[in-house]
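>>> no sequence on this one, just coordinates:
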């Protein structure tokens, strides 16, 4: 019997609890979000109350642009969320999106967001129900990081005229959850074969159990995101400096 069956909580309630824990865990997350919200409200009030009509016009333009961005974000998230096939996948998609925005400069669903070129330096890109060869995976998570200047040990991989390089890391995430993903011995064997095949062609594969996702989906998402980012950092550092994986994960 699963932990979900032992609880009267719904996925919505469990997801909200997990989100609250995540907000408490990440340093200054709540404070930074509240400060941003207050500063936007205060700034808009200042524009609207200003007697200079040109400044007031600027306030109206900012408000209109914010409304446009909010609408675009709504459509973007709703479409990405709708590509998922079960409550557990939808919870993971939203957790990846929220936690990814904390770990990197940007985080988007691939089909509905900007192209895979991180304008701000680094970014995560989420592809639900991605077809990879003969397999359809729950999520393909891609992390891109722009590195400028180029470290000496990476220069041979970069055109001589290019002043920066882009590190790309990818991970397959599978969500084995409850009634939607109950596995027989044959299915478990097939999953192991599938994971090994994907690993052979270069993908990191993370498979989370239903109980892990139910307990705290944000922990699972955050661990996956940080793993990809640390893999990128290790490639950037190379053999030039010692890299303590445990210390890096602990400090973040």
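Nice, thanks for sending it over. Since we're looking at a predicted model, the values are computed, not measured.

>>> worst-scoring helix or strand of the protein, pLDDT-wise?
Counting by mean pLDDT, DSSP states H and E, the chain has its least confident helix or strand at helix 245-251, which shows a mean of 46.

>>> in the stretch 51-200 of the chain, which ranges drop under the pLDDT threshold?
Applying pLDDT under 70 to the stretch 51-200 of the chain flags the ranges 111-121, 177-183.

>>> helices of that one, start to end?
For the stretch 51-200 of the chain, the helices defined by DSSP state H, counting those that start in this stretch occupy 53-82, 87-103, 185-200.

>>> looking at the ones you listed, spot the one closest to residue 215.
Relative to residue 215, the nearest member of the helices of the stretch 51-200 of the chain by Cβ to Cβ is helix 87-103, separated by 11.7 Å. To be clear about C-beta, it is placed using only N, CA and C from the backbone, and glycine gets the same treatment.

>>> hmm, back to that, closest one to residue 230 among the helices of the stretch 51-200 of the chain?
For the helices of the stretch 51-200 of the chain, distance to residue 230 was read as Cβ to Cβ. The smallest value, 10.3 Å, belongs to helix 87-103.

>>> now do the buried residues in the closest one.
Applying a neighbour-count criterion of 16 or more other Cβ atoms under 10 Å, one finds 87-100, 102-103 buried in helix 87-103.

>>> so which of the residues you listed comes closest to residue 184?
The shortest distance between residue 184 and any of the buried residues of helix 87-103, using Cβ to Cβ, involves residue 88 and amounts to 18.5 Å.

>>> ok, residue 59 - contacts?
The neighbourhood of residue 59, defined by Cβ atoms under 8 Å, 6 or more residues apart in numbering, consists of 44, 46-48, 50.

>>> quick one: which of these is nearest to residue 235?
Lowest distance from residue 235 to the contacts of residue 59 (Cβ to Cβ) belongs to residue 44, with 42.6 Å.

>>> excluding its backbone neighbours, what's nearest residue 90?
Once flanking residues are discounted, residue 90 sits nearest to residue 84: 4.4 Å by Cβ to Cβ, 6 or more residues apart in numbering.

>>> okay, now the one you found: neighbour count?
A count of neighbours around residue 84, defined by other Cβ atoms under 10 Å, yields 19.

>>> try residue 129
Applying other Cβ under 10 Å, we find 13 residues neighbouring residue 129.

>>> going by secondary structure, residue 16 is in what exactly?
For residue 16, the host element (DSSP states H and E) is helix 11-25.

>>> got the angle for that helix vs helix 87-103?
An angle of 20 degrees separates the directions of helix 11-25 and helix 87-103 when computed by axes from the mean of the first three to the mean of the last three Cα atoms, to 10 degrees.

>>> I'd like to know which elements helix 11-25 is packed against.
With contacts taken as 3 or more Cβ pairs under 8 Å, 6 or more residues apart in numbering; DSSP states H and E, helix 11-25 sits against helix 29-49, helix 87-103, helix 210-237.

>>> for the record, mean pLDDT for it?
Mean pLDDT, taken over the full extent of helix 11-25, equals 81.

>>> bridging residues for the nearest residue to residue 194 once chain neighbours are set aside?
Spatial nearest neighbour of residue 194, excluding adjacent residues (Cβ to Cβ, 6+ apart): residue 135 at 5.6 Å. Per DSSP bridges, the residues bridged to residue 135 are residue 132.

>>> please tell me how far residue 163 sits from residue 150.
7 Å (Cβ to Cβ, to the nearest Å).

>>> which one's more surrounded, these two?
Shown here are residue 163 and residue 150; by other Cβ under 10 Å, residue 150 has more neighbours (16 against 9).

>>> shouldn't that one be in contact with residue 156?
No - counting by Cβ atoms under 8 Å, residue 150 sits too far from residue 156 to count as a contact (9.9 Å).
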